[in-house]
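Asker: Sequence first, predicted model second:
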Amino acid sequence: MTEPLLSIDSLQVWFPLRHGILNRVRGYVRAVDGVSMDIAAGETVGLVGESGCGKTTLGRAVLGLEKIHSGTVRYNGRDLATFKGAEKLQWRRRCQMIFQDPFASLNPRMTAMELVSEGLAQHGLLKGVSREEAAIELMGEVGLDAESRLRYPHEFSGGQRQRISIARALSLKPEFIVCDEPVSALDVSVQAQVINLLIELRERHRLSYLFISHDLGVVRHIAERVAVMYLGRLVECGGCAEVMEAPKHPYTRALLSAVPRPGRTSGKRELLSGDLPSPTAPPSGCPFHPRCPMARPECAREAPPWRETKGHGVACHLNGG
Ligand code: SF4
């Protein structure tokens, strides 16, 4: 079996809660609490779950943007924590992020060309005319005219701004991109265009994506595998078609029943009741038990083990994987 491009093992990202004049740690927000998963070269894994479940923190942690409490992230078999100097710089080029709100993530005082070539400048790659030519080529690759290179972010539409963000991420020739809700701030009509562009670029450059979204309908279009996250933990993971057609976890079923599907006129809806509990004091046993319509007494006592069969894993006492 080939080594995965990215391998996450028992990852925990906890944020300390400090209190009092001595600033003592009196607890933790367990944003990511024991997540394990692999991403292969050229693969897209969709990461779904409600807002606040830890998706973005996980995405930032695998790029080294959050301090890891415990567990490891391996890139091409190497623990990120061991990268130093030139090797760390090289890894930073290879792993990029596309953010949800392109307007907030783009400097309003920079032109499109400056924004696209900023990474090249920061890493000392190319100079003068060559750098400008590279930026124009990247803009063309994401469907932006060379004539718009001297325009500022506010002169572009939301979809065009996201294309600038994508060109920026591409400028350093990455292998892996965390796409954090890249289309949720866009009109529905523009979402499909940006998703198609990401698919095209993935094929052309053999990119791997961790595609974070709260929308399973969007994930279905782009991901080969999907991982469902609840309160900092993975509750189900498997092939996109299999998880969407035959979900095993009650939480995944509830998320799916909220997705409108053409032709579905009937069928039992499993609507979620209550809010996501606080990650500072997660429920005992199965973290989903206070909201689960199928909870049994043991669900509040024991955390369900992760069971996997033919690449489809689930954490639920009712499922043997
Ligand atoms: Fe529901 Fe129990 Fe399964 Fe958790 S372990 S999802 S509470 S049935």
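Answerer: Structure received. Numbering: from 1, shown residues only.
Asker: switch to C-alpha atoms for all contacts and neighbour counts from now on
Answerer: OK.
Asker: Name all residues that make contact with the closest residue to Cys237 other than its chain neighbours.
Answerer: Sequence neighbours aside, Ala227 is the residue nearest to Cys237 in space, at 4.2 Å (criterion: C-alpha to C-alpha, 6 or more residues apart in numbering). If a contact means C-alpha atoms under 8 Å, 6 or more residues apart in numbering, then Ala227 has Val45, Gly46, Leu47, Val48, Leu234, Val235, Glu236, Cys237, Gly238 as its contacts.
Asker: The fourth one pairs with what?
Answerer: So the one you mean is Val48. Ser213, Val228 (DSSP bridges).
Asker: next one: the last one
Answerer: For Gly238, the beta-bridge partners are Val226 (DSSP bridges).
Asker: Surely it and Val226 touch.
Answerer: Yes - the criterion here is C-alpha atoms under 8 Å, and Gly238 meets it with Val226 at 5.8 Å.
Asker: For those two, indicate the residue with more neighbours.
Answerer: Taking other C-alpha atoms under 10 Å, Gly238 and Val226 do not tie; Val226 has more neighbours (27 against 22).
Asker: Quick check: the more buried one touching Val45?
Answerer: Yes - taking contacts as C-alpha under 8 Å, Val226 lies within contact range of Val45: 5.4 Å.
Asker: Any stretches of the stretch 1-150 of the chain with poor pLDDT?
Answerer: 1-2 (pLDDT under 70).
Asker: Now with 80, please.
Answerer: For the stretch 1-150 of the chain, applying pLDDT under 80 flags the ranges 1-3, 102-103, 127.
Asker: Relative to the ligand, which residue of it is the closest?
Answerer: Here the residue of the stretch 1-150 of the chain nearest the ligand is Gly49; by C-alpha to the nearest ligand atom that distance is 14.2 Å.
Asker: contacting residues for that residue?
Answerer: Taking C-alpha under 8 Å, 6+ apart, one finds Lys55, Ser213, His214, Val228, Met229, Tyr230, Leu255 in contact with Gly49.
Asker: 7 Å instead?
Answerer: Residues counted as contacts of Gly49 (C-alpha atoms under 7 Å, 6 or more residues apart in numbering) are His214, Val228, Met229, Tyr230.
Asker: now do Glu302
Answerer: Taking C-alpha under 7 Å, 6+ apart, we find Glu302 in contact with Gly285, Cys286.
Asker: From the ligand, how far out is it?
Answerer: 8 Å (C-alpha to the nearest ligand atom, to the nearest Å).
Asker: so Pro247 touches Arg253, yeah?
Answerer: Yes - counting by C-alpha atoms under 7 Å, Pro247 touches Arg253, with 5.9 Å between them.
Asker: Just give me the neighbour total for Cys292.
Answerer: 20.
Asker: Then Gln193?
Answerer: For Gln193, the neighbour count with other C-alpha under 10 Å is 13.
Asker: Give me the contact list for the host helix or strand of it.
Answerer: Gln193 belongs to helix 188-205 when assigned by DSSP states H and E. Here helix 188-205 makes contact (C-alpha under 7 Å, 6+ apart) with Gly42, Gly159, Val183, Ser208, Ile222.
Asker: Type out the ChimeraX command that picks the buried ones from the residues you listed.
Answerer: Buried members of the contacts of helix 188-205, defined by 16 or more other C-alpha atoms under 10 Å, are picked up in ChimeraX with:
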select :159,183,208,222
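Asker: Among the contacts of helix 188-205, which pair sits farthest apart?
Answerer: The largest separation in the contacts of helix 188-205, counting by C-alpha to C-alpha, is between Gly42 and Gly159 at 24.4 Å.
Asker: In the stretch 51-200 of the chain, mark out all the strands, start to finish.
Answerer: Taking DSSP state E, counting those that start in this stretch as the test, the strands found in the stretch 51-200 of the chain are 70-75, 78-79, 95-98, 176-180.
Asker: Let me know which of those is tucked in deepest.
Answerer: With neighbours taken as mean count of other C-alpha atoms under 10 Å, those reach their highest mean count in strand 176-180, at a mean of 25.
Asker: and that strand with strand 70-75, angle?
Answerer: 120 degrees (axes from the mean of the first three to the mean of the last three C-alpha atoms, to 10 degrees).
Asker: From the chain's centroid, how far away is strand 176-180?
Answerer: 6 Å (C-alpha atoms, centre = their mean, to the nearest Å).
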